[in-house]
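K.L.:
for reference, the sequence and a predicted model appear below.
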Amino acid sequence: MDLDQASAYAMATWQRLEEQVTDEVQRAVCGAFSLVAVSDGHLDRREVQRFRALVRRHFGLPRLDLERLERDFVDLSEALMSDPEAGRSRALAEIDHIRGNPDQCELVRTAARLALVADERITPEESRTLDEILEHLGISR
């Protein structure tokens, strides 16, 4: 799946499930995107820019606080970079909050898939991180 396909799927999913976009979901989305984005040991500037661009372009939903979503993403990403173990625990805890809600899990899965293709390359670490996120959600690829 390339970035355009992932973006189109994510936009359709988010629009269909707009009422599911709660604070918990926003934090889980940021956690998933951050985990995948930094799984290779660094946060590529392109990943941050793509996250912001994708959110603004595709997730322009009235109930979605874009500024807060971006801030949460940057905060979680920085936490992951400065203390990988604690940051990873925090991000996975955010993801765990929505486990069991299929609609919300789908929103988080789309965010993780977007992160996977955000820098236009997929590393083995990113793929493993996506699998770990999906395991925490209790869903498959």
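P.N.:
Here it is on my side, so go on. Numbers count the residues shown, from 1 in each chain.
K.L.:
CA only for contacts and neighbour counts going forward, please
P.N.:
Fine.
K.L.:
do me a favour and get the end-to-end distance for stretch 54-70?
P.N.:
End-to-end distance for stretch 54-70, by Cα to Cα, to the nearest Å: 11 Å.
K.L.:
tell me the SS of the spatially most central residue of the chain?
P.N.:
Nearest to the geometric centre of the chain sits Phe33, at 2.6 Å (Cα atoms, centre = their mean). Put simply, Phe33 is helix when judged by DSSP: H, G, I helix; E, B strand; the rest coil.
K.L.:
which ones are touching it?
P.N.:
Phe73, Ala111, Ala112, Leu114, Ala115 (Cα atoms under 8 Å, 6 or more residues apart in numbering).
K.L.:
distance check, the fourth one against Ile95.
P.N.:
Spelled out, that is Leu114. 16 Å.
K.L.:
repeat for the second one
P.N.:
From Ala111 across to Ile95, the span is 11 Å (Cα to Cα).
K.L.:
what of the last one?
P.N.:
Between Ala115 and Ile95 the computed distance is 15 Å (Cα to Cα).
K.L.:
confidence-wise, which helix or strand of the protein is lowest on average?
P.N.:
helix 3-16 (a mean of 57; mean pLDDT, DSSP states H and E).
K.L.:
so Arg27 is in which element?
P.N.:
helix 23-37 (DSSP states H and E).
K.L.:
give me the element Ile109 is part of.
P.N.:
Quick fix: residue 109 is Arg, not Ile. Counting by DSSP H and E, Arg109 is found in helix 102-117.
K.L.:
just want the angle from that helix to helix 23-37.
P.N.:
When axes from the mean of the first three to the mean of the last three Cα atoms, to 10 degrees is applied, the directions of helix 102-117 and helix 23-37 differ by 30 degrees.
K.L.:
for helix 102-117, output the C-alpha coordinates as CSV.
P.N.:
Provided in CSV are the C-alpha atoms of helix 102-117 (Å, rounded to 0.1, in the frame of the first residue of the first chain):
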residue,chain,number,x,y,z
PRO,A,102,-13.5,-2.4,16.7
ASP,A,103,-14.3,1.0,15.2
GLN,A,104,-11.7,2.8,17.3
CYS,A,105,-9.2,0.1,16.7
GLU,A,106,-9.7,0.6,12.9
LEU,A,107,-8.9,4.3,13.3
VAL,A,108,-5.7,3.5,15.1
ARG,A,109,-4.7,0.8,12.5
THR,A,110,-5.1,3.4,9.7
ALA,A,111,-2.8,5.8,11.6
ALA,A,112,-0.2,3.1,12.1
ARG,A,113,-0.4,2.2,8.4
LEU,A,114,0.0,5.8,7.4
ALA,A,115,3.1,6.0,9.6
LEU,A,116,4.5,2.9,7.9
VAL,A,117,4.5,4.6,4.5
